[in-house]
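J.: Sequence and computational prediction follow.
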Amino acid sequence: MTNMDQMIEKVKWIPNGLIHFMEKWIRKLPSVKKEINKQTESMASDLESMVKPYSGEFQSHAKLPESGIDRSVILDELKNISALEEKRWKDGLVSGAVYHGDSDHIHFLNEVYALQSQNNPLHSDLFPSASKFEAEIVSMTAHMLGADKTNNEVCGVVTSGGTESILLAMKTYRDRAWAVNGIRRPNIVLPVTAHAAFDKAGEYFKIKIKRVPIDENYQADINAVRKTANGNTICIVGSAPNFPHGIVDPIKEMSEIARERGICFHVDACLGGFVLPWAEKLGYPVPEFDFRLPGVSSISADTHKFGYAAKGTSVILYRTPELRRYQYYTIADWPGGLYFSPTFAGSRPGALSAACWAALLSMGEDGYLESVKQILATAEVIKQGINEISELKLMGDPLWVIAFESKELDIYKIMDQMTNKGWNLNGLHKPSCAHICLTLRHTKQGVAEQFLSHLKDAVDFVKENPSESGEMAPVYGMAATLPFRGVVRDFLKQYLDIYYKV
Ligand SMILES: Cc1ncc(COP(=O)(O)O)c(C=O)c1O
């Protein structure tokens with residue numbers, strides 16, 4: 001037992017809430033401080049080589065070069081870097097991240113970007129095309145998500161990604177609750193599995209985050225939602241599906257609780273917005289989750305995931321224009337002139353909106369239907385294969401984001417073995433598990449079979465070598481067992497410091 005383990009043993013009886021409250025003081029104790037530093041320093045030094053694999057391989061530029069470097073030299077270096085990084089995702093070894101990835105699709109998006117690279121929606125007088133692209137992206141997404149089955153007032157905005165869509169929706173609800181209901185101490189009720197972006201919104205906008213547990217099906221516990229929502233609740237959130245386990249919450253029931261009490265309801269369909277409508281058409285068991293449900297007041301859906309746009313766009317949709325107005329920013333007395341913008345950014349890359357618009361048009365309904373068909377067929381093979389590995393257990397009954405745990409083996413060690421074979425899976429905790437988010441990359445010939453064969457080998461290896469540890473197992477192990485959240489958060493800040501080190 002290490003000193004750290006002994007310390008964890010000693011504080012195990014203290015309720016978590018109290019430990020978090022006391023953490024600041026406990027961490028000041030010299031013996032605790034010493035042990036924590038010892039543990040995190042050794043992990044941080046491993047981290048640096050992981051975050052900065054190019055140190056020494058490519059020239060670093062801490063200062064501007066005295067005279068500009070020849071463009072061809074820069075392009076050559078970029079080609080070398082890309083060659084090093086693209087193999088893994090092209091070969092389908094990566095969970096999520098690159099959702100389409102076929103060369104002709106990428107080439108097409110690049111062509112659109114090149115044509116529109118100067119476009120800035122902030123200057124829509126100069127680039128009226130930005131308004132065309134963005135209005136049409138919003139409208140196409142809204143119709144896909146049930147807008148035409150409502151009174152058709154659904155509207156929205158193009159944002160830079162899922163996190164921005166979520167942040168904006170939460171800011172919108174906070175401002176509306178303040179103006180309409182006089183709520184000064186707002187809270188949001190959401191399951192523990194809803195995305196971290198909601199915590200970020202809570203921190204940024206001073207909204208209390210009330211997480212409720214999930215049930216045995218990994219779905220939000222309805223009773224807990226009912227009990228937790230109160231007069232200061234500005235919004236209830238459900239995921240379709242959630243990031244950790246790929247499970248869709250009971251959106252219908254949750255949105256009804258919200259509707260009965262006059263609370264807004266947000267569906268986080270960042271991951272599923274461009275999958276579930278097509279999965280439903282293909283006959284998969286997709287519960288209702290979109291604007292067809294009268295209690296749903298907003299939906300986030302990421303075009304840069306399964307919409308197959310380039311990275312940097314998402315859509316936030318609202319049931320009514322009245323709601324959307326709380327998102328806008330306008331100022332009428334700034335010496336810089338009349339200023340207004342729909343999102344957090346000022347200037348924005350109109351080329352990304354153009355590429356997003358082009359991706360949606362070139363895919364069309366038949367393109368999305370076919371890609372979802374392929375992804376879900378691959379998912380069936382993978383789920384079946386995992387079920388056949390007795391040491392692993394699927395978490396719930398997911399469609400294409402497939403999480404698995406092991407009661408007998410250290411799942412993070414299995415993940416590290418997969419990393420050694422070139423795979424890049426997502427490590428999750430509370431409970432400890434890993435997932436693979438399937439994309440079009442995994443539908444290529446032989447990828448699913450290779451995944452399963454490597455997974456079986458990884459399980460066998462960890463079974464035979466239970467004490468052998470990889471790179472991430474200790475980090476996840478620390479996060480899972482350490483009662484001090486602040487230590488883990490400081491460690492993550494250290495990661496970000498290293499990220500920005502030249
Ligand atoms: C369900 C869900 N919501 C929100 C997000 C955040 O999206 P982004 O990383 O584009 O900000 C993700 C990202 O994976 C997600 O899976």
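T.: Happy to help now that I have it.

J.: could I have the host helix or strand of M415 exported to PDB, CA atoms only?
T.: M415 is part of helix 411-420 when elements are defined by DSSP states H and E. Below are the C-alpha coordinates for helix 411-420, written out as PDB (Å, rounded to 0.1, in the frame of the first residue of the first chain):
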ATOM      1  CA  ILE A 411     -10.400  -1.400 -17.800                       C
ATOM      2  CA  TYR A 412      -7.700   1.400 -18.000                       C
ATOM      3  CA  LYS A 413      -5.000  -1.200 -18.400                       C
ATOM      4  CA  ILE A 414      -7.000  -2.800 -21.200                       C
ATOM      5  CA  MET A 415      -7.300   0.600 -22.700                       C
ATOM      6  CA  ASP A 416      -3.600   1.200 -22.500                       C
ATOM      7  CA  GLN A 417      -3.000  -2.200 -24.200                       C
ATOM      8  CA  MET A 418      -5.300  -1.000 -27.000                       C
ATOM      9  CA  THR A 419      -3.300   2.300 -27.200                       C
ATOM     10  CA  ASN A 420      -0.100   0.200 -27.700                       C
END
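
J.: Tell me which residues are up against that helix.
T.: Applying C-beta atoms under 8 Å, 6 or more residues apart in numbering, the contact partners of helix 411-420 are 404-406, 425, 427, 432-434, 454-455, 457-459, 461-462, 466, 468-473, 476-477. Bear in mind the C-beta positions are built from the backbone N, C-alpha and C, glycine included.

J.: Please produce a PyMOL select command covering the buried subset of those.
T.: This is the PyMOL syntax for the buried subset of these, where burial follows 16 or more other C-beta atoms under 10 Å:
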select buried, resi 404+405+406+425+427+432+433+434+454+455+458+459+461+462+470+471+472+473+476+477
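
J.: Is stretch 155-169 positioned near the ligand?
T.: Yes: Stretch 155-169 lies within reach of the ligand by C-beta under 6 Å from any ligand atom, at 161-163.

J.: Out of the residues you listed, give me the one that has the most neighbours.
T.: Among these, G162 has the most neighbours (other C-beta atoms under 10 Å), with 25 neighbours.

J.: Give me the pLDDT for that residue.
T.: With respect to pLDDT, G162 scores 98.

J.: Identify the residues contacting it.
T.: G162 neighbours (C-beta under 8 Å, 6+ apart): 195, 197, 268, 270-271, 300, 302, 305, 314.

J.: For it, which non-adjacent residue is closest in space?
T.: Nearest non-adjacent residue to G162, counting by C-beta to C-beta, 6 or more residues apart in numbering: C270, 3.5 Å away.

J.: what about that neighbour, distance to K210?
T.: The spacing between C270 and K210, counted by C-beta to C-beta, to the nearest Å, is 21 Å.

J.: Of these two, which one has the most company?
T.: Comparing C270 with K210 by other C-beta under 10 Å, the one with more neighbours is C270, at 30 against 18.

J.: What's the first helix or strand after the helix ranked longest in the chain?
T.: Identified as the longest helix of the chain according to DSSP state H is helix 350-387. Following helix 350-387 in sequence order, the next helix or strand is strand 393-394 (DSSP H and E).

J.: gap between that following strand and the chain center?
T.: Strand 393-394 has its C-alpha centroid displaced from the chain centroid by 22 Å (C-alpha atoms, centre = their mean, to the nearest Å).

J.: elements contacting it?
T.: On a contact count with 3 or more C-beta pairs under 8 Å, 6 or more residues apart in numbering; DSSP states H and E, strand 393-394 meets helix 350-387, strand 401-405.

J.: how about the residue in the chain that the ligand sits nearest to, phi and psi?
T.: Residue nearest to the ligand within the chain (C-beta to the nearest ligand atom): G162, separated by 2.3 Å. Here is the backbone geometry of G162 (degrees, to the nearest 10): phi -60, psi -40.

J.: Equivalent analysis for N426, please.
T.: According to degrees, to the nearest 10, N426 has phi -100, psi 130.

J.: For it, list the residues it contacts.
T.: Each residue near N426 by C-beta under 8 Å, 6+ apart is listed here: 95-96, 434-437.

J.: Make CSV from the residues you listed and add secondary structure, pLDDT and distance to the ligand to it.
T.: Shown next, in CSV, are the contacts of N426 (DSSP: H, G, I helix; E, B strand; the rest coil; pLDDT from 0 to 100; distance: C-beta to the nearest ligand atom, whole Å):
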residue, secondary structure, pLDDT, distance to the ligand
S95, coil, 98, 10
G96, coil, 98, 7
A434, strand, 97, 15
H435, strand, 98, 10
I436, strand, 98, 13
C437, strand, 98, 8
